[in-house]
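**Student:** My questions concern the predicted model and sequence given below.
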Amino acid sequence: MTNTNLSPREKSIVFIGFMGVGKTTIGKLVAQKLYRTFIDIDQEIEKEYNMPVPEIFNSIGEKAFREKEKSMVSTFCNQRLKVISLGGGAFLQKEIRELCLANCIVFALDISWDSWKERLNIIIDNRPVLQGRSIEEIEELFYKRKEIYATHNSKLTTDNLDVEEIADYITDSLKLAWDLYDN
């Protein structure tokens, strides 16, 4: 099932980007400003398993986690008027990319390596993909994933912007696009 017959105003909005870029924080604000329901895919998976993502990775493994992630994304991307935050690795799955791009408006939140690196100490503990990696390996992963995030409907670089500015920019851009589409 696809939402291709929906107007852009009704389509759900999906945030993609590297872990720690601010998808959840910004997504919540955008949802609030647009009077939409916010969905964080990782949090939905955590609720289902009643444990945090690192424990889920340890107990069922990354492969099973990614299957659950695909199922959750499929469920929510086929719904109208949601704001959805994907986990940093979700968009690596071709099926998820195709599903999101066919049914939703996909916003890539981008950040420079130097700005992101400043956040590393506050996010590393709850990001299982970063565990046991050197800073060089993390940097390689950062740039490798940037290539995947290059497929989107719109992109915003978040360096030197606060979350309120980012959310306002996104909501203003969406409203302008919706107005243009409706005319």
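**Tutor:** Happy to help now that I have it.
**Student:** which helices and strands sit right next to the longest strand seen in the chain?
**Tutor:** Looking across the chain with DSSP state E, the single longest strand is strand 104-110. Strand 104-110 is packed against strand 12-16, helix 135-149, strand 154-157, helix 163-182, with contacts defined by 3 or more Cβ pairs under 8 Å, 6 or more residues apart in numbering; DSSP states H and E. The C-beta positions use only the backbone N, C-alpha and C, and glycine is treated the same way.
**Student:** Which neighbouring elements make contact with the last one?
**Tutor:** The reference is to helix 163-182. Short answer (3+ Cβ pairs under 8 Å, 6+ apart): helix 163-182 packs on helix 23-34, strand 104-110, strand 154-157.
**Student:** Quick one: closest of these to residue 8.
**Tutor:** strand 104-110 (6.5 Å; Cβ to Cβ).
**Student:** Return the most buried member of the helices and strands packed on helix 163-182.
**Tutor:** Greatest average neighbour count among these goes to strand 104-110 (a mean of 23), per mean count of other Cβ atoms under 10 Å.
**Student:** looking at the helices and strands packed on helix 163-182, which is closest to residue 148?
**Tutor:** Per Cβ to Cβ, nearest to residue 148 of these: strand 104-110, 9.6 Å.
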